[in-house]
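Enquirer: Need coordinates for the following:
(chains A and B)
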Amino acid sequence: MTGLSGDRAALHYAAIVESSDDAILSKDLNGVITSWNNGAQRLFGYTAEEAVGKPVTILIPADRQDEEPMILDRIRRGERIEHYETIRQRKDGSLIYISLTVSPIKNRQGEIVGASKIARDITELRLARERKELLLKEMSHRVKNLFTVAISVLSLSGRSAGSVPELIESARDRLSALARAHELILPDAAAAQAAIPTTLHALIEAIIAPHDVRLDPDRPKFSVTGCDVEISEPVISSLALLIHEFVTNSTKYGALSAAAGRVDIRCEDDGKTIVILWTERGGPEVASRPGDSGFGELLTRSAVASLDGEISRDWRPEGLVIRLSIPRARLTGG
Amino acid sequence: MGNRTDLKMGRRPRVILVVEDNPLVRLDAAQSLRDAGYDVHEAADSQQAISFLRSTSAVDLIFTDVNLGKGMNGVELALWALANTPRLKVLLTTGERLGPAIPTALGAILAKPYAVRELLRRVAHALGDLARPAVAPAAEARRGRGC
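Expert: Here you go, the predicted structure:
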């Protein structure tokens, strides 16, 4: 095996075992611990004095005691056990996930006299695996949900579209708005259901971004001011839809249909309710809501209902003002 | 299918409460049911649903998603509804592959996404309409076509 022999070899190997971070121990065929390295002390909490001479079963939780006879059986047959994932118990009683590799120890005559065990703490690995599982489950659920939502968008857009091109445009528009809104959130593996929240301003900006075409760099079409709050995932779809509807209507009939038009979006927070004020200026004068498909109205009402909110519109001569109020708790999810 | 038969027979339209937290999915389902002749009300969560159910006794069916965000989930809501309005029928739906264990009293779940015709079939079945030997529009049409 190496160029060393006799005592030098023995010392050499002993040094390797001692310097290893892994828990390395050995036992005889009765399951009694015969050696115990520093790694084993660190992992299990027992010193070598405490562990050597004791049955290895002190490391095994009560409900797994049957593992030891099974391991000894295989050792006697000359088998190796590799990367066996199981649970062991520390001196203080706490449990740890470990990966165990057990090999038979033979004497010079080739007889099996015991076993060496290498135990690796895999708690972190398991946690990472669990997080990955949760994440995958969450993602898979979201993807399935996305298809359901997309189908609904398509179906609803089809109801109000007067032609196929119109259907395509409105469906694409809505889906894009939702996509942008959902890009803002990532599932959080540790808290499977919750996601890392985004903010109200970020969401509004994500939806208006494609429409923020500045013909004149000094005259932005949008301003988003006022309080900002973190918004929870469940309300993102509804809010995104609403802002999208406001923008679309404005583009068709309101301020955004005019070169000089602009929209100021202001958020106010009185502690219990968040109010989003959408003020249009510089567009054509409209006396009241033009004959838009009643569908947009339905969608708006549906989204507002989902937020437990209220909406009112005031068609002022200077431009439309929309007041959307939502209970703060609903928005933040808290 | 649906209320067209009811109206033909002089019955009042059936009332369905659709409970779903996503406004698009809810609106789509509600519109599909309205097209089929049902009188449809919407709720975005269990609280809104219960408010509505408390305000009227005329609800025939509650069609609810299992996952309703915060508050009671659809299973709990359906059980509450059955306990408080015995005449009420329920139909549950979910996008999850394995949701919480559904009590058999609540019937088979409609998996999302679903085709509109499947929704209508399941609703009619839950309302007990499919069992009726009544002359359905489809049957009449078949007779007319002589096939």
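
Enquirer: ok, which stretches of the chain are helices?
Expert: Picking chain A for this. A:6-19, A:38-44, A:48-51, A:67-76, A:123-160, A:164-183, A:200-208, A:236-253, A:294-306, A:328-332 (DSSP state H).

Enquirer: wrong chain, I was asking about chain B
Expert: Under DSSP H, chain B gives helices at B:3-8, B:23-35, B:46-55, B:74-84, B:116-126, B:137-145.

Enquirer: Return the most buried member of the ones you listed.
Expert: helix B:23-35 (a mean of 23; mean count of other Cβ atoms under 10 Å in any protein chain shown). Backbone N, C-alpha and C define where each C-beta goes, glycine included.

Enquirer: Tell me which of the helices of chain B lies nearest to chain A.
Expert: For chain A, the closest of those is helix B:23-35, at 3.8 Å, according to Cβ to the nearest Cβ.

Enquirer: which outside residues touch the closest one?
Expert: Here helix B:23-35 makes contact (Cβ atoms under 8 Å, 6 or more residues apart in numbering or on different chains) with A:148-149, A:151-153, A:155-156, A:159, A:237-238, A:241, A:298-299, A:302-303, A:305-306, B:2, B:16, B:18-20, B:40, B:42, B:44, B:63, B:65, B:112, B:116, B:119-120, B:123.

Enquirer: run the last query once more with 7 Å
Expert: By Cβ atoms under 7 Å, 6 or more residues apart in numbering or on different chains, the residues outside helix B:23-35 that reach it are A:148-149, A:152-153, A:155-156, A:159, A:237-238, A:241, A:298-299, A:302-303, A:306, B:16, B:18, B:20, B:40, B:42, B:44, B:63, B:116, B:119, B:123.

Enquirer: Can you check what angle separates it from helix A:236-253?
Expert: Counting by axes from the mean of the first three to the mean of the last three Cα atoms, to 10 degrees, helix B:23-35 lies at 80 degrees to helix A:236-253.

Enquirer: who touches whatever residue of the stretch 51-200 of chain A ends up closest to chain B in this structure?
Expert: Nearest to chain B, among the residues of the stretch 51-200 of chain A, is A:Ser152, at 3.8 Å (Cβ to the nearest Cβ). Contacts for A:Ser152 were tallied using Cβ under 7 Å, 6+ apart; they are B:24-25, B:28.

Enquirer: Now do it against A:Arg88, distance only.
Expert: 51 Å (Cβ to Cβ, to the nearest Å).

Enquirer: Could you show which parts of the stretch 51-200 of chain A are in contact with chain B?
Expert: Listed as neighbours of chain B in the stretch 51-200 of chain A under the rule Cβ under 7 Å from any Cβ of the partner chain: A:141, A:144-145, A:147-149, A:151-153, A:155-156, A:159.

Enquirer: mind redoing it with 10 Å?
Expert: For the stretch 51-200 of chain A, the contact set with chain B under Cβ under 10 Å from any Cβ of the partner chain comprises A:137, A:140-159, A:174, A:178, A:193.

Enquirer: quick revisit: identify the residue spatially nearest to the residue of the stretch 51-200 of chain A closest to chain B, adjacent ones excluded.
Expert: The shortest distance from A:Ser152 to any non-neighbouring residue, by Cβ to Cβ, 6 or more residues apart in numbering or on different chains, is to B:Asp28 (3.8 Å).

Enquirer: Need the phi and psi values for the residue located most distally from the centre of chain A.
Expert: For chain A, the largest distance from the centre (Cα atoms, centre = their mean) belongs to A:Gln109, which lies 56.8 Å off. Main-chain torsions, A:Gln109, degrees, to the nearest 10: phi -80, psi 0.

Enquirer: For it, give me its contacts.
Expert: Contact analysis of A:Gln109 by Cβ atoms under 10 Å, 6 or more residues apart in numbering or on different chains lists nothing.

Enquirer: so how far is A:Arg74 from it?
Expert: Between A:Gln109 and A:Arg74 the distance is 21 Å, computed by Cβ to Cβ.

Enquirer: pLDDT wise, what is B:Asp21 at?
Expert: Model confidence at B:Asp21, expressed as pLDDT, equals 88.

Enquirer: What number of neighbouring residues does the spatially closest residue to it that is not a sequence neighbour come out with?
Expert: Sequence neighbours aside, B:Gly69 is the residue nearest to B:Asp21 in space, at 4.6 Å (criterion: Cβ to Cβ, 6+ apart). Neighbour count for B:Gly69, taken as other Cβ atoms under 10 Å in any protein chain shown: 19.

Enquirer: Give me the phi and psi for B:Gly69.
Expert: phi 70, psi -140.

Enquirer: likewise the one 3 residues further on?
Expert: Note on B:Met72: backbone dihedrals following degrees, to the nearest 10 are phi -60, psi 140.

Enquirer: Hmm, it is touching B:Leu79, no?
Expert: Yes. Between B:Met72 and B:Leu79 there is a contact under Cβ atoms under 10 Å: 9.2 Å.

Enquirer: now stretch A:302-315, how far from the chain's geometric center?
Expert: 30 Å (Cα atoms, centre = their mean, to the nearest Å).

Enquirer: Revised request: answer the last question for stretch A:81-100.
Expert: 28 Å.

Enquirer: again with stretch A:325-334
Expert: That offset, for stretch A:325-334, works out to 22 Å (Cα atoms, centre = their mean).

Enquirer: Can you give me the pLDDT of the closest residue to A:Ile71 other than its chain neighbours?
Expert: Sequence neighbours aside, A:Val102 is the residue nearest to A:Ile71 in space, at 5.8 Å (criterion: Cβ to Cβ, 6+ apart). For A:Val102, the pLDDT comes out at 96.

Enquirer: now B:Thr56
Expert: 88.

Enquirer: which residues does it contact?
Expert: B:15, B:17, B:41, B:85.

Enquirer: Distance check, it against chain A.
Expert: To chain A, B:Thr56 is 17 Å away according to Cβ to the nearest Cβ, to the nearest Å.

Enquirer: where does chain B have low pLDDT?
Expert: Chain B contains residues with pLDDT under 70 at B:1-10, B:98-100, B:130-147.

Enquirer: Pull up the residues of it that are close to chain A.
Expert: Going by Cβ under 10 Å from any Cβ, the residues of chain B near chain A are B:20-32, B:35, B:42-45, B:47-48, B:65, B:67-70, B:93-97, B:111-116.

Enquirer: can you do 6 Å?
Expert: By Cβ under 6 Å from any Cβ of the partner chain, the residues of chain B that approach chain A are B:22-25, B:27-28, B:44, B:69, B:95, B:112-113.

Enquirer: closest to A:Ser116 among those residues?
Expert: Closest to A:Ser116 out of these is B:Gly95 (51.2 Å), distances taken as Cβ to Cβ.

Enquirer: contacting residues for the closest residue to that closest one other than its chain neighbours?
Expert: Nearest non-adjacent residue to B:Gly95, counting by Cβ to Cβ, 6+ apart: B:Lys112, 4.1 Å away. By Cβ atoms under 6 Å, 6 or more residues apart in numbering or on different chains, the contact list for B:Lys112 reads A:148, B:93, B:95.

Enquirer: Count residues in the vicinity of the last one, would you?
Expert: Which is B:Gly95. 23.

Enquirer: Thanks a lot, catch you later.
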